[in-house]
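> Structural data only, the sequence is not supplied:
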RNA sequence: GGGCGCGUAGCUCAGCUGGUUAGAGCGCACGGUUCACAUCCGUGAGGUUCGGAGGUUCGAGUCCUCUCGCGCCAGCCA
């Protein structure tokens, strides 16, 4: 037996890696129905998730832990339900982020820039970098217990996925959904690339509104007052606009005004975009550097002047300011205008500054030739797919957010001036200037046949390839067996923060390119925050690193915390203390398991007679059945957190705290009692481990293995229905069992026993009786006498009563001397504690109790006397009537106790 | 101006389709060396009853309206 001795505490360090490797080795992560394997049955519906691809260079953070835990939970649950499951893992090349990191590293180590190294060499370096960090991040994902099919792992720059990207680009282009042209875009001067609207964040910052004079060109000395937040853009002004009905300025419309410093003459135009109330009511128009102005410029066919170059320095168009940094220029030009007498005033003003999502530098709206995806039509399809229910978003409230975004969608700028990513598959002819857009690299211009062609230097936005993820990972555009069987996928699970970036784009792309929704359900989880609800950030130094956390407390503890501490779509505050509490839970499971295994080993290996279940046996089984019903319902309605909480509660507060305590006695009785107790323990542990496995896969698998080993070695009678599976990870999920009529009665009786025990314990504690000291008790049980007599030993043991003097009676004529008393559930309890009992204080205590009971009686009498009795459903009324009856009896009993 | 979320015990949060003296973890207090577990066990205190005000209802933390506070998303008014 000693060889089977389990350590006193669950040792996750010695468990997690071993089990993970074993699972992989046994092939459990692979779909049980696989088009690549013999016996494949295409008619069985699989459950498929594409993992949100982690950035190759990223360090593991709690966000990863969150989605891995959540998706692994869903996958494991489905797998246990016997559904063929596929979870496709993978990583993302993360264009900007990765390129930046490598650039930084090159600068630090070799002091070279990417330009100095050259494109080809640089990209090579990035691949080397990728290789290294991919190994790290993917092993960290494994560490979380992710049961994905690693043989199907993908990387966004894989050959196959690159083919998909190119196919998508060409198809979009051919359908006219992708176009190239000069547009006002968001330019990141630091990164020297365009970025999409989504990659710009606006932050409110204190700034100034600069008021100045736009002098009329006619030399009259008259001027139009104008205000701006960015004086440097004056250099690019090509008009001054006023409202068409603004009597103040109407007379100037059609005249020319002079651009300060530069002296260029520009027209005064009328446009009702101008808000007469705001600022001076006159607006300077800079089509080259402001989105609104750009549109006005289009309407009025104004000239577009770019005054900023790629690094946000002033262009030659800025005259004397050429070469200056944008912010220096802002100061300088204002000073110069002051000197020139053009300044009116400055006013403190809160700006809405566009900043790069990455790095935070100020983004400049600039005109630039870029590639765009025409979104409006695509968006409509994506909208419909959710509207008509082909895709369901959970929680539902996010559908509104989704609609809102798609209804106001702008074209998507997809070209990036980077080196790391999917090169745009477009070649320009140096001879005829035509474009060749091709699936295969061309060697000549398709229009004129010239060999003087060069490929577009830019790459595609990383999200362009991510948008194809659910099908590109399965082989699309080829109709591979995987694609045919596993696509569309089932659930897309991710944080709500990338609903637009990723989810919406996958839906758009999926519909357009595959003609199908890429998944039927979108499950969105919240953002991870620190214990006080603040966003984690390095600058706040409140980042919780999951790796040391797992080192210290185990993966299961972290997973359980994330899964059970969260509600769909709501942010979760992660507190290390909570993780520690869940580590304790893992340990609790472990130790309950040790107890059960020990019980099995020491119990008879077969029964003599048919089962004669104890009240406790029946109670715990009935409760387990209730649990099964609730947990299954909660799983089906995506309420995983609540399901976990309920299992936790059941396991700890009922199974461990009560049933196991009673089982100790039952096992000690030996014989059939011991056998059936061991059997019950075995069944319950087996069932609970199955229920818990999706949450805490490691401790449950490990313990279950020990359970199985012990049970198999000990007795055939412990084998569950259907036999012992070879591993918990593939053990059948516990489905709800049909209700049986005996359940309610057993639960009621056992609840009575618990009440009595708790009340005695309470009295003991209150009277400061030594916890282990056996004392006398007299229970006056009335109609429940037989139940209590039946369970006397249990009460006696759990409440530490002296078996020689403890008695249960139906009624009592004379109250015991010097006894502490109480009434619970209609049972009168007397603890004759002798001298320590002070009758006065007892009377006070009981009177207080009586008061609360009487107030309840009053409450119920009022309730039942009113409309409630007439209008509420009969069962609800009956329940309250019953309570009233009980309270009245209790009241009566308490009065007696006080009286005598 | 818009959309959404949150505001429940000292702290961090649960609470499904409304059902009737509100739950958990942590913290706190008191007490525990029983052969599963001190990563534990027992007992308890703690919420003016769930931000505030109305309303619907026999009944609301749970639905509706308004309101206050916090947060998020979206928004290109100089």
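Arrived safely, thanks for sending. Fair warning: this is a prediction, and the values are worked out from it, not measured in the lab. Residues are numbered from 1 along each chain as shown, chains lettered A, B, ... in the order given.
> Mind listing what's buried along the helix or strand where residue A:128 lies?
For residue A:128, the element it lies in under DSSP states H and E is helix A:119-143. Across helix A:119-143, burial judged by 16 or more other Cβ atoms under 10 Å covers A:122-123, A:125-126, A:129-130, A:133-134, A:137-138, A:140-143. Glycine gets a C-beta too; all of them are placed from N, C-alpha and C.
> Not counting its own residues, what contacts it?
With contact meaning Cβ atoms under 8 Å, 6 or more residues apart in numbering, helix A:119-143 is reached by A:16, A:20, A:51, A:54-60, A:64, A:68, A:89, A:91, A:93, A:98-99, A:101-102, A:105-106, A:114, A:117, A:148, A:153, A:155, A:419-420, A:547, A:550, A:555.
> Which of these fall in helices?
A:16, A:20, A:64, A:68, A:98-99, A:101-102, A:105-106, A:114, A:117, A:547, A:550, A:555 (DSSP state H).
> Whichever of the residues you listed end up buried, select them in PyMOL.
Applying 16+ other Cβ under 10 Å to the ones in helices among the contacts of helix A:119-143, the buried members can be selected in PyMOL as follows:
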select buried, chain A and resi 16+20+64+68+98+99+101+102+106+114+117+550+555
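> which of the ones in helices among the contacts of helix A:119-143 sit farthest apart?
Of all pairs drawn from the ones in helices among the contacts of helix A:119-143, the greatest distance, 41.1 Å, lies between A:16 and A:117 (Cβ to Cβ).
> Where does pLDDT dip in the stretch 751-900 of chain A?
Where the stretch 751-900 of chain A drops to pLDDT under 70, the residues are A:900.
> Quick check: mean pLDDT of the helix holding residue A:128?
Across helix A:119-143, pLDDT averages out at 94.
> And stretch A:441-448, by the same measure?
In this model, stretch A:441-448 carries a mean pLDDT of 91.
> list the buried ones in that stretch?
A:442, A:445.
> How about the residues of the stretch 501-650 of chain A by RNA strand B?
A:529, A:531-533, A:535, A:565-567, A:570-573, A:575, A:577-578, A:580-581, A:583-584, A:586-588, A:591-592, A:594-595, A:598, A:633, A:637, A:639, A:641-642, A:645, A:649 (Cβ under 7 Å from any atom of the strand).
> now, which of those lie within strands?
Judged by DSSP state E, the subset of those located in strands is A:529, A:572, A:573.
> Pull the contacting residues for the second one.
In this case it means residue A:572. Residue A:572 neighbours (Cβ under 8 Å, 6+ apart): A:66, A:525, A:526, A:527, A:528, A:529, A:562, A:565, A:566.
> out of these, who's nearest RNA strand B?
Lowest distance from RNA strand B to these (Cβ to the nearest atom of the strand) belongs to residue A:565, with 5.6 Å.
> Do I have it right that that closest one meets residue A:641?
Yes - between residue A:565 and residue A:641 there is a contact at 7.0 Å, judged by Cβ atoms under 8 Å.
> who's in contact with the closest residue to RNA strand B within the stretch 401-550 of chain A?
Nearest residue of the stretch 401-550 of chain A to RNA strand B (Cβ to the nearest atom of the strand) works out as residue A:533 at 3.7 Å. By Cβ under 8 Å, 6+ apart, the residues touching residue A:533 are A:571, A:573.
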